[in-house]
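Chemist: need a structure here:
(chains A and B)
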Amino acid sequence: MDLTILGSAAINGLLIGGIYTLVASGLTLIYGVLHIINFAHGSLLMLAMFGVYYLLMKLGIDPYMSLLIMVPVMYLLGYLLYKLLIGRLSQGKDENILLITLGLSILIENLALMFFKGDTRTISVSYSDTMVELGPTLVSLPKIISFGAAMALCAVLGLFIQRTDTGRAIRAVAKERVGARLVGIDVERIFAISFGIGLATLGAAACLLMPIFYVSPTTGHVFVMVAFTVVVLGGMGSFLGAVIGGLIVGLTESFGGLFLGESLGQIGISLIFILILLFRPSGLFGAKR
Amino acid sequence: MNNDARAIGWPLHLALLAIAVAFPFVFPSPFLVNFGVLALFYAFIGQSWNIAGGFAGQLSFGHVVFFGAGAYASTILQLRFGMNPWLGLPASALAGAVVGGIIGFLSFRAGLKGSYFALITLAFAEVLRILVNSVGFTGGGLGLLIPAKMSAANFQFPERIGFYFLILALTVVSIAVAVWLKRSRFGAQLAAIRENEDAAMALGINVFQEKVKVMVLSGAMCGVGGCFFAQYFLYIDPTIVFGVDKSVEMLLVSMIGGAGTIYGPLIGAVLLAGISDITRLITNVQGLSLVLYGTLLVIIIAFLPNGLIDLFKRIGKRFHQGGA
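Modeler: Predicted coordinates:
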């Protein structure tokens, strides 16, 4: 096979993988801190993407400028969602919270279907068709911007968790809830903040995705499996793992499409998910269980 | 657990059966018979989910994998190999059982439980959906159309009522299986596994083996549901019979009605079919019925973890106390 095609597939895979990383970092943060699996992650991303879509269509706000709106809005939504619903119900079995978030995702998806109808929507901005030469291939400018922004945001999130007091408290709660409570950390507040940050990453991802992707009420399905695969691949709760996992998943998808065709190519992600859970459930970078 | 089985005794079983048998004669309109068929169909596949998810506590998000395996196995045997469609029923049971056995074996051997098991079943369903979607032999994304040839010998009843009594018979069998699980040693072992796997193991239960067995049983039932679906609608495609929606519907009817109970799936199914028909009658807004159902799921998990059937039981108890 022509090396240019391979190179181009690799570059495209890495670029989309960067955004997967951002989506998955929210999921892995929520899992790492709260030990719950947020099945509504994909549908919340879809909701945020509709937000970006309407901000452009109704108010003419550029999707990248929407970052300033969507990130705080999604953070707030996450904070409230935790305070009002998930936090109150998250006691007991972990399956229950999985079912609650499943119920939530059904609700969000079908509300979207009611209000936005089932059509697939894309946006076009002035720079949509600008192409940039990148190594052996031409890549659309928004893909590069989105990738760079996603990586930068991941780094910011990483620094926030490592360097700030809130970040330290989050890490303390993730490691040892009881101990964290004993040293005076408001654990419930940290839970809500973590859930908020987890959703804020979705707000950011939505702004970065909209210029290069489409949205419909079922778009969440596409990302649920991808995000879970990234997270188990990197190791549940591992931040660096999510970055590498995201890039691997992006590459898998891109090469899968290249070698196996449009339809069969999608199989790679689900297969990785199954194989990792069956043979290395702690992920590539996690310690062995 | 045993109290429960005795409380729901023969009088209740027979009364419900009498109502179900009388239903299509009292309400012979095609619309209502169709409603009955769909309600019983959801009760049947919901029960298959309930066997694994409710009785054994093995929550699955991808039960549709067995449903689709059954639907495709029976339809392919009929269309490609000219087999009589009635033989599709045992064939689809076999297909569902085999897939259930394989997925159960692999997942439980790897020690997956709880949310992880739920997610891996979803991934297995995705793998099969994509495979079937990509291969010419299965008709690919276009799906398979079963040619209409109306005769009971060909599994195509000229009157809907034929389908009604077939799915009623299947549902009765599925409820009998649930009753048996409430009373048998196997069912007791599953309940022990559901409540505490380590304790069950300490009691000498072969947890791995029992869990694989229940997946085989549940998979077989769900596969038969797939065969019925294919013959009723005469069309299947990968998105319909391997899509997330059906998995979710099975889980919903069972969880909302009452997981791990005998009549939970039936209650949930009548409600699901009822809500979807009523919303379709009064408005043509897409998605409204599932909005109601998603909300109901959240409320049930939060306030009535044993499902709507619990409500009936509480009312019944109060009634009894009041009478005494």
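Chemist: quick one: low-confidence parts of chain B?
Modeler: Counting by pLDDT under 70, the ranges of chain B that qualify are B:1-8, B:321-324.
Chemist: which residue lies nearest the spatial centre of it?
Modeler: Centroid check for chain B by C-alpha atoms, centre = their mean gives residue B:45 as the closest residue, at 1.6 Å.
Chemist: that one and residue B:247, how far apart?
Modeler: Residue B:45 sits 10 Å away from residue B:247, taking C-beta to C-beta, to the nearest Å as the criterion. For every residue, glycine as well, the C-beta is placed using N, CA and C.
Chemist: ditto for residue A:259
Modeler: Residue A:259 sits 29 Å away from residue B:247, going by C-beta to C-beta.
Chemist: of the two, who's got more company?
Modeler: residue B:247 (26 against 13; other C-beta atoms under 10 Å in any protein chain shown).
Chemist: in space, what's closest to that one - neighbours in sequence excluded?
Modeler: Sequence neighbours aside, residue B:64 is the residue nearest to residue B:247 in space, at 4.2 Å (criterion: C-beta to C-beta, 6 or more residues apart in numbering or on different chains).
Chemist: residue A:70 and residue A:48 touch, don't they?
Modeler: Yes - at 5.8 Å, residue A:70 counts as touching residue A:48 under the criterion of C-beta atoms under 8 Å.
Chemist: residues contacting the residue nearest to residue B:247?
Modeler: B:125, B:241, B:242, B:243, B:244, B:245, B:246, B:247, B:250 (C-beta atoms under 8 Å, 6 or more residues apart in numbering or on different chains).
Chemist: hmm, try it at 7 Å
Modeler: B:125, B:241, B:242, B:243, B:246, B:247 (C-beta atoms under 7 Å, 6 or more residues apart in numbering or on different chains).
Chemist: where along the stretch 101-250 of chain A do the strands fall?
Modeler: With DSSP state E, counting those that start in this stretch as the criterion, the stretch 101-250 of chain A has strands at A:131-134, A:137-140.
Chemist: find the one among these with the highest mean neighbour count.
Modeler: strand A:137-140 (a mean of 16; mean count of other C-beta atoms under 10 Å in any protein chain shown).
Chemist: how far out from the middle of the chain is it?
Modeler: Chain-centre distance of strand A:137-140: 24 Å, with C-alpha atoms, centre = their mean, to the nearest Å.
Chemist: give me the sheet partners of that strand and which way each runs.
Modeler: Strand pairing for strand A:137-140, determined by DSSP bridges: strand A:131-134 (antiparallel).
Chemist: would you mind listing what in chain A touches chain B?
Modeler: Chain A comes close to chain B at residues A:37, A:89, A:94-96, A:98-100, A:103-104, A:106-107, A:110-111, A:113-114, A:118, A:221, A:225, A:228, A:263-264, A:266-267, A:270-271, A:273-274, A:277-278, A:281, as judged by C-beta under 7 Å from any C-beta of the partner chain.
Chemist: filter the residues you listed down to the buried ones.
Modeler: Those of the residues of chain A next to chain B that meet the buried threshold are A:37, A:94-96, A:98-100, A:103-104, A:106-107, A:110-111, A:113-114, A:221, A:225, A:228, A:263-264, A:266-267, A:270-271, A:273-274, A:277, A:281, by 16 or more other C-beta atoms under 10 Å in any protein chain shown.
Chemist: hang on, the earlier thing: and residue A:70 and residue A:48? which has more neighbours close in?
Modeler: Neighbours were counted for residue A:70 and for residue A:48 using other C-beta under 10 Å; residue A:48 has more, 28 against 25.
Chemist: which residue sits closest to that one, ignoring its sequence neighbours?
Modeler: For residue A:48, ignoring the flanking residues on the chain, the nearest one in space by C-beta to C-beta, 6+ apart is residue A:206 at 3.5 Å.
Chemist: let me know the pLDDT of residue A:242.
Modeler: As predicted, residue A:242 sits at a pLDDT of 88.
Chemist: can you count the residues close to residue 255?
Modeler: You didn't say which chain, so I picked chain A. Residue A:255 has 17 neighbours, counted by other C-beta under 10 Å.
Chemist: not quite, I wanted chain B
Modeler: Applying other C-beta under 10 Å, we find 30 residues neighbouring residue B:255.
Chemist: ditto for residue B:164
Modeler: Around residue B:164 sit 21 other residues, with neighbours defined as other C-beta under 10 Å.
Chemist: then residue A:2?
Modeler: So residue A:2, with other C-beta under 10 Å, has 8 neighbours.
Chemist: the helix or strand harbouring residue B:281 and chain A, are they touching?
Modeler: For residue B:281, the host element (DSSP states H and E) is helix B:264-282. No - with C-beta under 7 Å from any C-beta as the criterion, chain A is not reached by helix B:264-282; the gap is at least 10.6 Å.
Chemist: the one helix or strand residue B:31 maps to packs against which elements?
Modeler: Element membership for residue B:31, per DSSP H and E: helix B:30-50. On a contact count with 3 or more C-beta pairs under 7 Å, 6 or more residues apart in numbering or on different chains; DSSP states H and E, helix B:30-50 meets helix B:10-26, helix B:160-183, helix B:207-233, helix B:244-257, helix B:264-282.
Chemist: now do the shortest one against helix B:264-282, angle only.
Modeler: With axes from the mean of the first three to the mean of the last three C-alpha atoms, to 10 degrees defining the directions, helix B:244-257 sits at 120 degrees from helix B:264-282.
Chemist: tell me what the top helix by length along chain A is packed against?
Modeler: In chain A, taking DSSP state H as the definition, the longest helix is helix A:3-34. Applying 3+ C-beta pairs under 7 Å, 6+ apart, one finds that helix A:3-34 contacts helix A:41-59, strand A:137-140, helix A:141-163, helix A:165-175, helix A:187-209, helix A:219-234, helix A:239-264.
Chemist: may I see the buried residues of the first one?
Modeler: Within helix A:41-59, the residues scored as buried using 16+ other C-beta under 10 Å are A:41-53, A:55-56.
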